[in-house]
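K.L.:
when you get a sec, could you give me coordinates for this:
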Amino acid sequence: MHITLRQIEVFTEVLKSGSTTQASQVLALSQSAVSAALADLEGQLNVQLFDRVGKRLVLNEHGRLLYPRAIGLLEQASEIEQLFQEDNGAIRISASSTIGNYLLPGMIARYRRDFPGLPLELSVGNSQDVINAVADFRVDIGLIEGPCHMSELVSEPWLEDELVVFAAPNAPLLQQPVTLETLAAEQWILREHGSGTREIVDYLLLSHLPRFQLALELGNSEAIKHAVRHGMGISCLSRRVIAEQLDMGTLAEVPLPLPKLSRTLYRIHHRQKHISKALNRFLSYCQE
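P.N.:
Okay, here's the model as predicted:
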């Protein structure tokens, strides 16, 4: 059986109009096309839906049985068309931890205020986790803290971010001029390998030190902040991550004998991924 929505639409319009002539005018079809569609539907169902009384078509018991179901099908089809005209599909985002935990919550809150009913899924991991999710089409778009080197992904600059070296307020390092040598002598508490922050810190900062002592590798920025606050070492994270603690004085920024540590945050998607209107609409909220 190959019943089409067009045949169902013809049936309901013939019922409302009372003739194939009137129905053809409403549907912008020829009368022969309307008659053929109705005949095809009756042939597939193996019943007559109308009694032919002269030139009139009178709905019979078979037509009365079909009519409410036909109306239901057309209403569902209309809902499907409206769904995609408004482009309200679910959005799946993956973000590295700094972005997912500190930047996106405010952006998502603004989006949800304007579109409270639209579904949105967010997963948070390190940058390599995000890259893998985008490459496997498990998410629509990724937001990461460093460049992406995978050829099948498109990587676009998104936001600028500043990295800050910080210590406990009473750290001995802050009581003397900070040099590359004194930095290298400190106990460093860093993000794990695979983290975008770690990749940039290695490149922008640690590559300038004659040597450095790695005390801890942690996969969580909150854990790093607590470890530094308790005097276990120094670290380097996004200013956004430690802004509140710097303001409160529970952490202190370490002045560097180097240019400001700036990095670009990136937006990535698969080359074969279609960027929908719904996704573009969400991304318009992902600005500062």
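K.L.:
next, Gln187: phi, psi?
P.N.:
Its backbone dihedrals place Gln187 at phi -80, psi 120, with angles given as degrees, to the nearest 10.
K.L.:
show me the beta-bridge partners of it.
P.N.:
Gln187 forms beta bridges with Gln213, as assigned by DSSP bridges.
K.L.:
over to Tyr266?
P.N.:
Tyr266 has these beta-bridge partners by DSSP bridges: Ile144, Pro157.
K.L.:
so for it, what pLDDT did the model give?
P.N.:
You'll see Tyr266 listed with a pLDDT of 95.
K.L.:
what is the burial count for it?
P.N.:
When counting by other C-beta atoms under 10 Å, one arrives at 24 neighbours for Tyr266. C-beta coordinates here come from the backbone N, C-alpha and C atoms, glycine included.
K.L.:
for Pro147, see how far away it is.
P.N.:
To Pro147, Tyr266 is 6 Å away according to C-beta to C-beta, to the nearest Å.
K.L.:
list residues touching both of those two?
P.N.:
When contacts are counted by C-beta atoms under 8 Å, 6 or more residues apart in numbering, Tyr266 and Pro147 are jointly contacted by Ser155.
K.L.:
if you count contacts, what does the helix or strand containing Ile80 end up packed against?
P.N.:
Ile80 is part of helix 61-85 when elements are defined by DSSP states H and E. Packing partners of helix 61-85 (3 or more C-beta pairs under 8 Å, 6 or more residues apart in numbering; DSSP states H and E): helix 5-17.
K.L.:
got the angle between the helix it packs on and helix 61-85?
P.N.:
120 degrees (axes from the mean of the first three to the mean of the last three C-alpha atoms, to 10 degrees).
K.L.:
quick one: the residue nearest to Ala70 when sequence neighbours are not counted and Ala185, what's the gap?
P.N.:
Setting aside the residues directly before and after it, Ala70 is nearest to Ile8 in space (C-beta to C-beta, 6 or more residues apart in numbering), at 4.8 Å. In this structure, Ile8 lies at 79 Å from Ala185, with C-beta to C-beta as the measure.
K.L.:
higher neighbour count, the two?
P.N.:
With other C-beta under 10 Å as the criterion, Ile8 and Ala185 differ in neighbour count, and Ile8 comes out ahead with 20 against 14.
K.L.:
so the more buried one touches Gly72, yeah?
P.N.:
No - with contact defined as C-beta atoms under 8 Å, Ile8 and Gly72 do not form a contacting pair (9.9 Å).
K.L.:
and the pLDDT at the residue nearest to Ala70?
P.N.:
95.
K.L.:
please name the nearest non-neighbouring residue to Val134.
P.N.:
With sequence-adjacent residues excluded and distances taken as C-beta to C-beta, 6+ apart, Val134 is closest to Gly142, at 4.2 Å.
K.L.:
how about that neighbour, what does it touch?
P.N.:
Ile93, Ser94, Ala95, Val130, Ile131, Ala133, Val134, Arg267, Ile268, His269.
K.L.:
buried ones among these?
P.N.:
In terms of neighbour count (16 or more other C-beta atoms under 10 Å), the buried residues within the contacts of Gly142 are Ile93, Ser94, Ala95, Val130, Ile131, Ala133, Val134, Arg267, Ile268, His269.
K.L.:
return the member of those residues nearest to Leu118.
P.N.:
Distances from Leu118 to the buried ones among the contacts of Gly142, taken as C-beta to C-beta, are shortest for Ile93 (12.7 Å).
K.L.:
and the closest one, that one's in a helix?
P.N.:
No - looking at Ile93 with DSSP: H, G, I helix; E, B strand; the rest coil, it is strand, so not inside a helix.
K.L.:
what separation do you get for it and Phe115?
P.N.:
From Ile93 over to Phe115 (counting by C-beta to C-beta), the distance is 14 Å.
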